[in-house]
Each structure stands twice: as structure tokens, then as C-alpha cells.
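Novice: let me see the structure of the following:
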Amino acid sequence: MKFTSIPEAYSSFREPLLYAFDTELAEPQDVELKIIDKSNGTTLGSKRLHGVTTGEVDIAPYLRSEAVTALPDSITECGEVDTHSQIKVVVEAEGVSSAVRNYIAAKVDLDKIYTPLMTQLTHRTMARDEFDLISFFSLPDIVVEVVVEFFGKGTERISITPASGGQRVVAVTARGREDVESIRATVMVDGVATTVVEYEIKENLRSARRVAWLNDHLAPELYTFPLRKSVLIEAARKRMESIWGREAATAERENELKLISAYEPQAQIEALSSILSTPKAWLVKGCELQRVEITTDRVMPATSGKMGIIEVDIRAAQEGERLW
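Specialist: Residues are numbered from 1 along each chain as shown. Sure, this is the predicted structure:
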């Protein structure tokens, strides 16, 4: 029994991941393959093939159901954040184990040692008690360091070194630093400054709402919409039949919020447009997150075609929950 081919390390589990094998026997036999999560030893799934000498199995569906990309409920400090965007597995069959592989959510060019997974412009704003997330992919044989510099009445510099290799996310926040006016986050790849994100720290308008979502890489993005246009509250009263006639039983409430972006360059509008098809989104209040759903949305470019806005309608993901 041997594996004749397995996928390349750091391939995306959103595409087929085919494991091919050969029993090396003349007579057909039943073969059971097990997909094992190497981080905790649990079996993610198994598949039995009947009467074969060779065969293949796609393990990607098993990984997609296990590695569900998400953000934690709260992010309060600078540091690496686990978004469950990668998983380490081995496939076992008839006492034989494949090589261990890490697979990730993003689809990247594996010939590149480093790939930023953010799509928005690198000049951003956020409030002092809010956070932003820097996402990237790197191969394990390089060293990635995120240097965060805080500027205000004084200066401060911290260094964050995420675990080596894979799809990684680092949080940046000015929380707890009252004099900070701006932040610079620099991603150093083997000692070379490769990605630089600049932040202006400013208070939000009362109408502003900050939203987080997963982009096309299943990497997190955050943006503060400066305006909210309207709040729609719908109430539906259910009734039940009883011996005394129809009576009110429960009342359901649902509220929606329309958010409007600032006028932004076309590149930023294109980046924001990934929210239209995102599988997950959150409303962000300070460093806390509330799951929401994107209901209706549209892009409204200006007549010049160089600037535009995007409108997004959201509602609480949990039925009966009110938006912040």
C-alpha cells in the first residue's frame, strides 16, 4: 500500500485535494481512508472504497466542514489572531500514513514566499478603541515580523512574530494608548519591509459603524462606514388558536441598518465590494463583534468613474437580536 500522489502543502481546501493510492496487490480489496487532524488527533472523516487496487479520494469537503473561518468575539490587543483559516492533516489507509500537510483557505501562488491577503488601500482610519487586521500568507522557511509603531507625544515600537508559515492574521489597535495619533504597521519578510499599512487615529462620527467581513481569500477586512442612512424595524405578531379564539402568542422584531461609505477611489470601492458576496460579516463596536447578515447592497460610482460610494444593508444574524 502506498500513496502515489498527494496535494502540495498550503493548497486551498476550497479546491479539490486528491489523494491517490495503490494497494500494490494483484487482487482487489476494500480500502478505508481516514482523514486525521494532526493538531488534536481527531478523525475528521473516513471513506471506504470497495474492491479496488488503485483509487483516489478528495478530502477537501471534510476540511471545509472542519476549518470554518471566523473571528473571535473580542480583540483587545495587538498580536496574532487565530481565524481557523488553516488545518494540518494526515491521511491514513491500511496502516500507511501520507506525509503531513497544511492546507489553507486562501488560494495563493505557491511559487511566492509571501502574499498579502488584504485588498483595501493601505492608508486607513480607525478609532482609538477599535482594531484592524493584517492578513498574509507565507511559506514556512521565511521569517515574517510585523513591526507596529505608535506615534503621538512620544513613540513606541512593538514587534509581533506570528507562527511560521501558512495563512496568518495580526491585530493592530491603539487601545490603552491615549496619546497615539497615528500607527504604522510594517510587515518584514526576512528582514525586508514588504507591506506597510498607515493608520490615522480619529474619533468616529456618531452615525459611523465599523464592519468586518471575509474577502475572496477568506481573510478578514474592516472598514468604518461614516454614515448610516436609516434604521428599519419590522415587527410581526404571531397568533394562535385557542378555545377563547385567536390570541397573540409572540412578537418577532427585526431591524436593518443601511450603511454608506465615504467617497472612495475606484480601487477601494472594488475592495469594499467583496462584502457583497462574503460568507460572514460582523458589526464592530470598539473591540467587540456582533454577527450580522448582508441583506441588500449596491455600488454607486460617481459620474467621473474615478470615485464612488457603496451602500450596504445589514441585519443581526441571530433572530430577535438588535443591532448595536
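Novice: wait, residue 103 sits on residue 16?
Specialist: No - the pair residue 103 / residue 16 is not scored as a contact, 11.4 Å apart, by Cβ atoms under 8 Å. (Glycine included, C-beta is placed from N, CA and C.)
Novice: neighbour-wise, which of those two wins?
Specialist: The neighbour count for residue 103 versus residue 16, taken as other Cβ atoms under 10 Å, is higher for residue 103 (26 against 13).
Novice: if we can go back for a sec, where do the contact lists of residue 103 and residue 16 overlap?
Specialist: Common contacts of residue 103 and residue 16 (Cβ atoms under 8 Å, 6 or more residues apart in numbering): none found.
Novice: in this structure, which helix or strand is least confident?
Specialist: For the chain, the helix or strand with the lowest mean confidence is strand 227-242, at a mean of 59 (criterion: mean pLDDT, DSSP states H and E).
Novice: look at residue 62 and give its secondary structure.
Specialist: helix (DSSP: H, G, I helix; E, B strand; the rest coil).
Novice: wait, what's in contact with the residue nearest to it when sequence neighbours are not counted?
Specialist: Nearest residue to residue 62 in three dimensions, chain neighbours excluded: residue 45, at 3.9 Å (Cβ to Cβ, 6 or more residues apart in numbering). By Cβ under 8 Å, 6+ apart, the residues touching residue 45 are 34, 35, 59, 62.
Novice: which strand residues bridge the residue lying closest to residue 100 once chain neighbours are set aside?
Specialist: Leaving aside its sequence neighbours, residue 100 sits nearest to residue 90 (Cβ to Cβ, 6+ apart; 5.0 Å). As for beta bridges, residue 90 partners with residue 36 under DSSP bridges.
Novice: what number of residues lie near residue 90?
Specialist: The tally of other residues near residue 90 (other Cβ under 10 Å) stands at 15.
Novice: mind checking the end-to-end distance for stretch 67-74?
Specialist: Chord length of stretch 67-74, first to last residue, is 20 Å (Cα to Cα, to the nearest Å).
Novice: make that stretch 27-41, sorry
Specialist: For stretch 27-41, the first-to-last residue distance is 32 Å (Cα to Cα).
Novice: for whatever helix or strand the residue nearest to residue 62 lives in, buried residues please.
Specialist: For residue 45, the host element (DSSP states H and E) is strand 43-52. By neighbour count on 16 or more other Cβ atoms under 10 Å, the buried set for strand 43-52 is 44, 47, 49.
Novice: pLDDT of that strand, averaged?
Specialist: For strand 43-52, mean pLDDT is 96.
Novice: partner strands of the next helix or strand after it, parallel or antiparallel?
Specialist: Heading C-terminal from strand 43-52, the first helix or strand you meet, by DSSP H and E, is strand 54-58. Applying DSSP bridges, strand 54-58 is found paired with strand 18-22 (antiparallel).
Novice: assign residue 111 to helix, strand or coil.
Specialist: coil.
Novice: shift numbering so it begins at 40
Specialist: All set: I'll call the first residue 40, so the last point we hit is now residue 150.
Novice: count the neighbours of the residue lying closest to residue 208 once chain neighbours are set aside for me.
Specialist: Closest residue to residue 208 apart from its sequence neighbours, by Cβ to Cβ, 6+ apart: residue 120 at 4.6 Å. A count of neighbours around residue 120, defined by other Cβ under 10 Å, yields 18.
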